[in-house]
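# Next one to model:
(4 chains)
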2 protein chains.
Amino acid sequence: MGISERKERDKQEMRGKIIDAAISMFLTEGYEKTSIRNIAEKIEYSPATIYLYYKDKDELLYEVQKQAFEKLELEFEAKVTSSDPMERLEQLCYTYVRFGKNNKEMYDLMFMMKAPMNCVDEDETWNNNTDSFDFLVKCLSDCMEKNLLRFDNVMTAALSVWAMGHGLVSLDVSCRFKAMQMDEVSINAAIEEAIGQYLKLIKA
Amino acid sequence: MGISERKERDKQEMRGKIIDAAISMFLTEGYEKTSIRNIAEKIEYSPATIYLYYKDKDELLYEVQKQAFEKLELEFEAKVTSSDPMERLEQLCYTYVRFGKNNKEMYDLMFMMKAPMNCVDEDETWNNNTDSFDFLVKCLSDCMEKNLLRFDNVMTAALSVWAMGHGLVSLDVSCRFKAMQMDEVSINAAIEEAIGQYLKLIKA
DNA sequence: TTAAATTATAAACACTGTTTAGTAACTTTG
DNA sequence: CAAAGTTACTAAACAGTGTTTATAATTTAA
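Prediction:
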C-alpha cells in the first residue's frame, strides 16, 4: 500500500512545517505573543488546518519543547566530554547555565512556563527532559562512586545541582536580578562565579 | 481644601477595591485566566473604569506583587528571629522555601512571571523586593563577619543562596519535578533535605 | 444657575483560541 | 470511466481577551 504510506509521509511533513514555523515564532516573539493565526499565515494555510494536526496550542508547545531538549542534549554531548567525572560535572553545569543564557526564550518554555506541562497528566512522568536529567544523574553517580562529592544521596545531589543551575538561569531570564543594582556584564560574571563557587563547595 | 482631600481618599479607596479584587482573583484563578472584565464585574463597575485607576493589567499585577512582598517580609520578621546569625540564615532559607510552597500562585507572580517586570524600566532597579533582598544580604554579612561561611564575597553569597532557594521552589511550582518519578510527599522531603544539605555545605 | 471639570460607561476595535459546517479534491469502488 | 466515499481544507462563527473612544451623568467652581 504505497498510497497510505505517502499520506502518512505527507502528514508528518505537514506536522513538521507547522512545528518549524511555531519554533521560529515562539523563539523570536514568545509563546503568548505567537497566535495560531500568525503560524497559519506563515505556512500559508488557514488557522483551522493546524487543528487537524495538533490538538491545541499547548500540544504545539509541548512538541517544540521536545525539540528544544534535543538541542540541549546535543550541547551536552558536544561539551561534556571529559573522562574525569568531576571535570565532567563542571562542564555539565557550565553548559547548562550558558545554554540558558544564550537561549532565554527557549529556556523559558523548557523550564519555566507552566503551559507545556498541561500535556503531562497528573502523576505521569515528564518525558521531554528525562534524557538530560538521566545525564546529570549518571554524571553525579560517577562522581559519588569515587567519593568526590559531599553528598550521600544521588537524588538529593541531582536536586541540588539542578536547583542551583536553574535558580541562576531562571532569575536571570525572568529579569529578577533587577533587584541588585548591577549591569548585564557584572551579572553574567556573578553567575559564573556563583556556579564556580558552588562547585567548590560540593567537592569532597 | 477638604474636598480635594476627600477626592484623593475616594481615589485611593477605589484603587484598593480594584487591587483587592485583583489579588483574590489572581491567586485563585491565576493571572492569565483573570480578565479585566471579571475584576470589573466583581467590584460592580464597568471594565473601562479600571483604566481610570491603573494604566493596564501589568500595572495591576505590579501592585499585587508589591503586596505579596509585604506578606513575605512579614513572614521573615515573624520567623527569622534568632540572635545567632547562622541560625538566622537557616530560618531565612526555610521560611523562603516554605512561603513559596504554601503560596505557589503568589510565588509565581513574585519571582517567575515575566509580565510584572515590564513595569520596571530597562536599567532601573526593581524596588518591590529590595527589602527582602536587603534582609538576605544583611543576614549573610552578619554570618560572614564572623567567618561562618565559605564565601568571600557577600554578593556572590546572596546570589548563591537566592538561586538555590528559588531553584528548588520554582522547579516545584512549575511542575518540573515531574521529571523525577516521585510523589508530592517525597518531593517535599527532598526539597527540605536539599536545602539542609546546602546549608551544611556553605558552613565554614 | 450656569459653565467647567470630573467620573463612569456602552460600544467599538483589534485581537485571541477553538469549533462547525460546508466545499473542493482525491481515492476507491461498481 | 462515472458514481460514491473519503480526506484535506477553509470561511465563518463563537466566545472570549486587553484597551480606547465617544458619550452621558454627576459633581465642583464661578
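# OK, contacts around A:M180?
A:I187, B:F133, B:M155, B:A158, B:L159 (CB atoms under 8 Å, 6 or more residues apart in numbering or on different chains). The C-beta positions use only the backbone N, C-alpha and C, and glycine is treated the same way.
# make it 7 Å
By CB atoms under 7 Å, 6 or more residues apart in numbering or on different chains, the residues touching A:M180 are B:M155.
# now swap in A:E70 and tell me
If you count contacts by CB under 7 Å, 6+ apart, then A:E70 has nothing around it.
# contact partners of stretch A:148-155?
Under CB under 7 Å, 6+ apart, the answer for stretch A:148-155 is A:85-86, A:137, A:140-141, A:143-144, A:157, A:202-204, B:190, B:197, B:201.
# Show me how far that stretch is from its chain's centre.
Averaged C-alpha coordinates place stretch A:148-155 at 24 Å from its chain's average position (CA atoms, centre = their mean, to the nearest Å).
# tell me which residues in that stretch are buried?
A:L148, A:L149, A:F151, A:V154, A:M155 (16 or more other CB atoms under 10 Å in any protein chain shown).
# Please tell me how far the most centrally placed residue in chain A sits from A:S170.
The residue lying closest to the centre of chain A (CA atoms, centre = their mean) is A:M110, at 4.0 Å. Taking CB to CB, to the nearest Å as the measure, A:M110 falls 10 Å from A:S170.
# go on, A:T156?
20 Å.
# With adjacent residues omitted, what lies nearest to A:G165?
If the residues on either side of it in the chain are set aside, A:G165 comes closest to A:Y96, at 4.8 Å by CB to CB, 6 or more residues apart in numbering or on different chains.
# I misspoke; the intended subject was A:Y62.
Nearest to A:Y62 is A:C119, by CB to CB, 6+ apart, at 4.1 Å.
# if we can go back for a sec, report pLDDT for the residue nearest to A:G165.
pLDDT for A:Y96: 98.
# domains for chain A, by residue range?
A:1-54, A:66-202 (automatic domain parsing).
# quick one: the first one near DNA strand D?
Yes - if you take CB under 7 Å from any atom of the strand as the test, domain A:1-54 does meet DNA strand D, through A:K7, A:D10, A:K11, A:M14, A:E44, A:Y45, A:S46, A:P47, A:A48, A:T49, A:L52.
# gap between that domain and the chain center?
21 Å.
# and it, what's its mean pLDDT?
91.
# Show me what stretch A:71-83 is in contact with.
A:R88, A:Q91, A:L92, A:T95, A:F99, A:D131, A:S132, A:F135.
# so who does A:M110 touch?
Per CB under 7 Å, 6+ apart, neighbours of A:M110: A:Q65, A:A68, A:F69.
# Can you tell me which of the residues you listed has the most neighbours?
In terms of neighbours by other CB atoms under 10 Å in any protein chain shown, the contacts of A:M110 top out with A:A68 at 25 neighbours.
# near DNA strand D at all, whichever helix or strand it is part of?
If you go by DSSP states H and E, A:A68 is part of helix A:57-79. No - if you take CB under 7 Å from any atom of the strand as the test, helix A:57-79 misses DNA strand D, and the best it gets is 13.3 Å.
# Next, the angle helix A:57-79 makes with the next helix or strand after that helix.
Sequence-wise, the next helix or strand downstream of helix A:57-79 (DSSP H and E) is helix A:85-102. Interaxial angle, helix A:85-102 versus helix A:57-79 (axes from the mean of the first three to the mean of the last three CA atoms, to 10 degrees): 140 degrees.
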